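Compute the structure for the input listed below.
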Amino acid sequence: MEPHKPPPRPRHPEGCLTVAIRVPVRIAVLVLVVPVRMGWDALVVTGRFLRDTVLRPLGRALLWVGKALFVWPFVALWRHVLVPVGRALGRLGTVLVVVPALWCRRYVLTPVGHALAWLARGAGAGLAWVYARVLSPIGHAVARLARCLLVVPARWLYDRVLTPAGRALARCVRGLGQLLGVIGTGIGVALYWTLRVLLFLPALALWRWVLAPVGRFLAVVAREIGDALGHAWRIAGRISRAVGRALGTLFRWILVEPVRWVHRTVLTPVGHLVRDAVLRPAAEGARVLGRAVREALAGARDTVRQARADFRRMVFGEPRPQAAVDRREPQGPAARTLGSSTTALTKD
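Residues are numbered from 1 along each chain as shown. Presented below is the predicted three-dimensional model:
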């Protein structure tokens with residue numbers, strides 16, 4: 001099944017100006033872009049080589065050194081010093097602070113709190129009686145007096161004086177606003193036509209007959225320069241890839257293949273000869289010598305051990321034989337049989 005390809009973009013008809021600009025622009029951009037692309041590819045290859053051979057091992061070494069210098073000491077300090085000290089301080093705080101605080105709360109603060117709550121309830125009952133019998137009647141009387149002396153005269157003043165005056169003032173302000181609106185409308189119409197004739201129409205003509213054509217021309221130039229840059233960058237990439245492959249092939253022919261040939265035809269046979277003629281016999285001789293040395297050391301250890309035992313026997317005498325201990329273990333015929341009902345350990 002063929003892969004789905006996007007439909008080609010519709011090509012608009014191009015004028016002679018576009019074609020005349022495209023060819024020299026692409027040639028000039030290609031000449032300028034090829035060295036830049038080759039330099040960029042060289043920098044990329046160098047950066048990858050440095051990353052793989054220098055920076056990554058150096059980073060791993062620095063990471064290990066950083067862990068050894070900063071992480072592992074703090075982990076050991078936390079695990080073996082701070083955590084045990086913290087646990088000890090926690091237990092000490094529990095014994096010295098928490099337990100006395102709980103005892104003080106249970107046997108001192110709680111009884112005192114109950115006593116204060118009982119006193120507060122008594123005081124609240126007294127204040128409630130004062131409010132109900134004294135303050136509430138006085139408040140009702142003061143409210144009625146304030147209503148008669150302040151609220152009723154203020155309402156009469158608002159209804160009879162302030163409301164008619166406010167309505168008359170609002171009508172005057174409304175009429176003045178209508179007059180100012182008519183004057184402002186006239187001034188605005190005059191300014192609109194003045195600005196239209198003096199500024200808008202000349203600016204429209206300048207845009208339509210000067211700026212728009214110049215902008216279209218600059219847009220065509222910018223689009224062609226962008227297309228030329230993309231095309232030149234792709235071509236420069238192919239040129240840079242071909243040059244890189246040629247340099248790689250030349251490097252392989254000049255250095256890698258001779259080194260490989262020397263390794264395959266000279267160093268490998270010499271290494272095999274040295275291994276078979278020198279290293280293996282030397283290793284076999286070293287193994288035989290080591291075996292002989294180990295046997296000699298074992299014989300010397302046995303001789304020293306025997307001499308030490310003879311000297312101990314000569315100075316301290318023969319060791320006493322140990323007395324036999326009856327472990328009540330079954331012996332031969334005293335063992336349990338299929339027809340007996342007791343074991344050998346329980347027999348007399």
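
For this protein, give me the ranges with low pLDDT.
Scanning the chain for pLDDT under 70 picks out 1-22, 315-348.

what comes up buried for the longest helix seen in it?
As assigned by DSSP state H, the longest helix anywhere in the chain is helix 212-251. In terms of neighbour count (16 or more other CB atoms under 10 Å), helix 212-251 has its buried residues at 220, 224-225, 228-229, 232-233, 235-237, 239-240. All C-beta spots, glycine's among them, are computed from the backbone N, C-alpha and C.

Could you check how far it is from the centre of its chain?
Helix 212-251 has its C-alpha centroid displaced from the chain centroid by 39 Å (CA atoms, centre = their mean, to the nearest Å).

For the following helix or strand past that helix, C-alpha coordinates in PDB please.
Note on helix 212-251: by DSSP states H and E, the next helix or strand toward the C-terminus is helix 257-262. The C-alpha atoms that make up helix 257-262 are tabulated as PDB, following Å, rounded to 0.1, in the frame of the first residue of the first chain:
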ATOM      1  CA  GLU A 257      43.100   0.900   7.000                       C
ATOM      2  CA  PRO A 258      46.900   1.000   7.500                       C
ATOM      3  CA  VAL A 259      46.500   0.700  11.200                       C
ATOM      4  CA  ARG A 260      44.000  -2.200  10.800                       C
ATOM      5  CA  TRP A 261      46.400  -3.900   8.400                       C
ATOM      6  CA  VAL A 262      49.300  -3.500  10.800                       C
END
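
how close does residue 147 get to residue 153?
Distance from residue 147 to residue 153, counting by CB to CB, to the nearest Å: 10 Å.

so which strand or helix has the spatially most central residue of the chain?
The chain has residue 63 as the residue nearest its centroid, 17.0 Å off, counting by CA atoms, centre = their mean. Assessed by DSSP H and E, residue 63 sits inside helix 56-66.

other SSEs contacting that helix?
Contacts defined by 3 or more CB pairs under 8 Å, 6 or more residues apart in numbering; DSSP states H and E place helix 56-66 against no helix or strand at all.

Pull the contacting residues for residue 167.
Shown in contact with residue 167 (CB atoms under 8 Å, 6 or more residues apart in numbering): no residues.

Tell me which residues touch residue 267, please.
The contact partners of residue 267, taken as CB under 8 Å, 6+ apart, number zero.

Can you tell me which helices and strands the longest helix of the chain packs against?
Judged by 3+ CB pairs under 8 Å, 6+ apart, helix 212-251 is in contact with helix 16-50.

chain center to the helix it packs on: distance?
Centre-to-centre, helix 16-50 and its host chain are 39 Å apart (CA atoms, centre = their mean).

what's the angle between that helix and helix 212-251?
For helix 16-50 against helix 212-251, the angle by axes from the mean of the first three to the mean of the last three CA atoms, to 10 degrees is 40 degrees.

For helix 16-50, could you pull out the residues that count as buried?
Of the residues in helix 16-50, those buried (16+ other CB under 10 Å) are 21-22, 25-26, 29-30, 33-34, 37-38, 41.

Among the residues you listed, which one lies nearest to residue 198?
Nearest to residue 198 out of the buried residues of helix 16-50 is residue 21 (CB to CB; 38.5 Å).

Please enumerate the helices of this structure.
For the chain, applying DSSP H gives helices covering 16-50, 56-66, 72-77, 83-93, 99-104, 110-130, 136-146, 152-157, 163-195, 201-206, 212-251, 257-262, 268-274, 280-316.

just the angle between the first one and helix 56-66, please?
This means helix 16-50. Using the same axes, to 10 degrees, the inter-axis angle of helix 16-50 relative to helix 56-66 is 50 degrees.

Also the longest one?
Taking the same axes, to 10 degrees, helix 212-251 and helix 56-66 form an angle of 90 degrees between their directions.

Pull out the buried residues from stretch 179-188.
Buried residues in stretch 179-188, defined by neighbour count with 16+ other CB under 10 Å: none.

Please write out the alpha-carbon positions of that stretch in PDB.
Extracted C-alpha coordinates of stretch 179-188, given in PDB (Å, rounded to 0.1, in the frame of the first residue of the first chain):
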ATOM      1  CA  LEU A 179     -28.000  72.200  25.100                       C
ATOM      2  CA  LEU A 180     -24.400  71.100  25.600                       C
ATOM      3  CA  GLY A 181     -25.100  67.900  23.500                       C
ATOM      4  CA  VAL A 182     -26.400  69.900  20.600                       C
ATOM      5  CA  ILE A 183     -23.400  72.100  20.700                       C
ATOM      6  CA  GLY A 184     -21.000  69.100  21.000                       C
ATOM      7  CA  THR A 185     -22.700  67.400  18.000                       C
ATOM      8  CA  GLY A 186     -22.200  70.300  15.800                       C
ATOM      9  CA  ILE A 187     -18.600  70.700  16.800                       C
ATOM     10  CA  GLY A 188     -18.000  67.000  16.300                       C
END
